[in-house]
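1. Here's a sequence, model it:
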Amino acid sequence: MKIKQLAFVVAGLAFSGAALSAPVTNYDTRFNVTAEVPDGVLITDPDGNPVTELDIRLTPGGSGHASATNTMSADTLKVKSLRLWSNNVSDLKVKLTLDDQYASTGSPFQLNSTTGGQLNKIPFTVATIESGAAKQTFVNSGDSKNYNMTAVGSGATGHTEKEVAFVFESTSAYNTYASGGYSGVVYANVAVAP
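-> Predicted coordinates for the structure are as follows:
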């Protein structure tokens, strides 16, 4: 009987404490925390750890894999080794789709700047390079490409993977753009190809 009464008292205290808590109104720093849990087909580092965000900075002649030396470019080889990855050993083909935050589907990728009180843009492409295969170029937001994967291991402990590098490159020479800081976001989605 005493245990039952004690349980009611503890439950009542927990409920009243939660009801009395109020949002904090005085603080020095607020952290907005989010999480993105990828599904079984994703982009990873060589150890299979998901890579959900990567910072890329285009500079004049920044990538040796760019089509021209006078463009603004960068590649992920200088940042992090990446893999397309599936946790299912039978997924031998995947589809990679790239979307631009600022461009509608079917429109060219672009970086934006409001330096000088006007909207300036840098159109750019994203390409993937991989060992033993031709470069595949994504020109417009929403473009998709298929990749053949290699099985590693078998059964429940196996997976498939494909090492790739991403090359970001402006469509014109760097000196044709207005000076200033430009930014944009490209979202990558990897799915099993039909």
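2. C-alpha from now on. contacts and neighbour counts both.
-> Will do.
3. Can you get me a residue count around the nearest residue to N148 once chain neighbours are set aside?
-> Ranked by CA to CA, 6 or more residues apart in numbering and with sequence neighbours excluded, the top spatial neighbour of N148 is K93, at 4.6 Å. For K93, the count of nearby residues is 18 (other CA atoms under 10 Å).
4. Check what contacts stretch 177-194 and list those residues.
-> Contacting residues not belonging to stretch 177-194 are listed as 41-43, 84, 91, 93-102, 110-113, 115, 120-122, 146 [CA atoms under 8 Å, 6 or more residues apart in numbering].
5. quick one: the residue nearest to N148 from T125, how far?
-> K93 sits 23 Å away from T125, taking CA to CA, to the nearest Å as the criterion.
6. How about A74?
-> 11 Å.
7. With Y27 instead?
-> Taking CA to CA, one finds Y27 at 43 Å from T125.
8. For these two, work out which one has more neighbours and name it.
-> T125 (18 against 6).
9. Buried residues of the strand or helix carrying the more buried one, list them for me.
-> Using DSSP states H and E, T125 sits within strand 120-130. Within strand 120-130, the residues scored as buried using 16 or more other CA atoms under 10 Å are 120-129.
10. What of stretch 74-88?
-> So for stretch 74-88, counting by 16+ other CA under 10 Å, buried means 74-76, 82-88.
11. The longest strand anywhere in the chain pairs with which strands, parallel or anti?
-> Longest strand of the chain, by residue count under DSSP state E: strand 159-173. Neighbouring strands of strand 159-173 in its sheet, by DSSP bridges, are strand 71-75 (antiparallel), strand 82-86 (antiparallel), strand 120-130 (antiparallel), strand 150-152 (antiparallel).
12. So what's the gap between stretch 136-153 and the chain middle?
-> Centre-to-centre, stretch 136-153 and its host chain are 14 Å apart (CA atoms, centre = their mean, to the nearest Å).
13. Buried ones in that stretch, by neighbour count?
-> For stretch 136-153, a neighbour-count test (16+ other CA under 10 Å) marks 136-144, 146-147, 149-151 as buried.
14. Mind putting these into JSON lines with pLDDT and secondary structure?
-> Below are the buried residues of stretch 136-153 laid out as JSON lines (pLDDT from 0 to 100; DSSP: H, G, I helix; E, B strand; the rest coil):
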{"residue": "Q136", "pLDDT": "96", "secondary structure": "strand"}
{"residue": "T137", "pLDDT": "97", "secondary structure": "strand"}
{"residue": "F138", "pLDDT": "97", "secondary structure": "strand"}
{"residue": "V139", "pLDDT": "96", "secondary structure": "coil"}
{"residue": "N140", "pLDDT": "96", "secondary structure": "strand"}
{"residue": "S141", "pLDDT": "95", "secondary structure": "coil"}
{"residue": "G142", "pLDDT": "95", "secondary structure": "coil"}
{"residue": "D143", "pLDDT": "97", "secondary structure": "coil"}
{"residue": "S144", "pLDDT": "97", "secondary structure": "strand"}
{"residue": "N146", "pLDDT": "97", "secondary structure": "strand"}
{"residue": "Y147", "pLDDT": "96", "secondary structure": "strand"}
{"residue": "M149", "pLDDT": "95", "secondary structure": "coil"}
{"residue": "T150", "pLDDT": "95", "secondary structure": "strand"}
{"residue": "A151", "pLDDT": "96", "secondary structure": "strand"}
